[in-house]
Every structure is written in structure tokens, then in C-alpha cells.
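Enquirer: model this:
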Amino acid sequence: MLLDIDNFKLLNDGFGHSAGDDLLLQVSDILKDSSRDQDLVMRYGDEEFLLVLLSTSLESAQTLVDRIGSAIKAKTSITFSGGIAMHSEQLSLEQLKEKADQCLYTAKHEGKDRFVLAES
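Expert: Below you'll find the model as predicted:
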């Protein structure tokens with residue numbers, strides 16, 4: 001799962017990089033608090049985060065997305081977009097990440113504040 005904070009550049013430009021850094025820390029805490037102990041949560045780039053959800057069904061991933069969304073809306077004034085790709089034996093880790101990235105791009109292009117799931 002790849003997550004990206006919507007309109008992060010506007011926040012940085014309008015309120016300064018210190019405010020942007022504070023928001024990144026806050027989102028990071030929300031992601032860690034919302035995830036399970038076995039999930040891997042990391043900052044992947046600028047305002048993008050990568051979550052690797054081990055042994056997770058699509059239904060469980062959707063539950064996590066809902067939990068993250070609720071926490072972010074309750075604790076911040078931002079929205080975020082995401083892409084989800086499910087592991088299969090036919091995909092390498094790089095291909096899996098690429099599929100999630102394509103879904104993230106689609107979510108941004110379709111209006112932000114949404115998640116897109118890769119087709120099987």
C-alpha cells in the first residue's frame with residue numbers, strides 16, 4: 001500500500017517546512033498506531049508512505065484504510081490518497097510496488113482523497 005498526503009506542497013509553501021515536517025511526524029504516528037505489530041510502515045519519499053501488510057486479506061487491508069482515514073480526519077485537516085496492490089506469486093516486489101504506485105497515481109488523477117485497488 002502506498003499513501004500520499006494530498007496537496008502537501010501547498011502546506012509547505014503556505015505554512016513553511018517546519019509545519020510540513022510536523023505533519024509528516026503526525027501522519028507517521030497515525031500510521032504506526034493504526035497498523036498491526038507485524039505491518040511494516042515507512043516513509044517512502046517526500047510525503048509518501050509505504051505500508052507492507054503481511055498475511056493480509058483485501059478485507060483486512062480495507063479495514064486498515066478505513067481506520068487510517070478516520071484517524072487522519074480526526075487528528076488533522078488533510079486528506080490522503082493511496083494505491084493498494086495485493087501480492088501474487090507472479091509479481092516481484094518491484095512489480096508489486098509499481099502496481100500500487102499506478103493505483104496511487106489513478107487516485108490522485110480521479111480527485112484525491114481516495115484509494116484505488118490494483119486489478120488482479
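Enquirer: which stretches of this protein have low pLDDT?
Expert: 120 (pLDDT under 70).
Enquirer: tell me where it has strands.
Expert: Along the chain, the stretches classed as strands by DSSP state E are 2-5, 40-45, 48-52, 80-84, 115-117.
Enquirer: these: which one's closest to Leu31?
Expert: Minimum separation from Leu31 across the strands of the chain (CB to CB) falls at strand 40-45, 4.8 Å. No exception for glycine: its C-beta is placed from N, CA and C like everyone else's.
Enquirer: hang on, the earlier thing: could the strands of the chain go into a markdown table alongside mean neighbour count?
Expert: Shown next, in a markdown table, are those (neighbours: other CB atoms under 10 Å):
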| stretch | mean neighbour count |
| --- | --- |
| strand 2-5 | 23 |
| strand 40-45 | 14 |
| strand 48-52 | 19 |
| strand 80-84 | 25 |
| strand 115-117 | 21 |
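Enquirer: can I get those strands in TSV including distance to Asn12?
Expert: Below are the strands of the chain laid out as TSV (distance: least, CB to CB, whole Å):
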stretch	distance to Asn12
strand 2-5	10
strand 40-45	14
strand 48-52	14
strand 80-84	15
strand 115-117	24
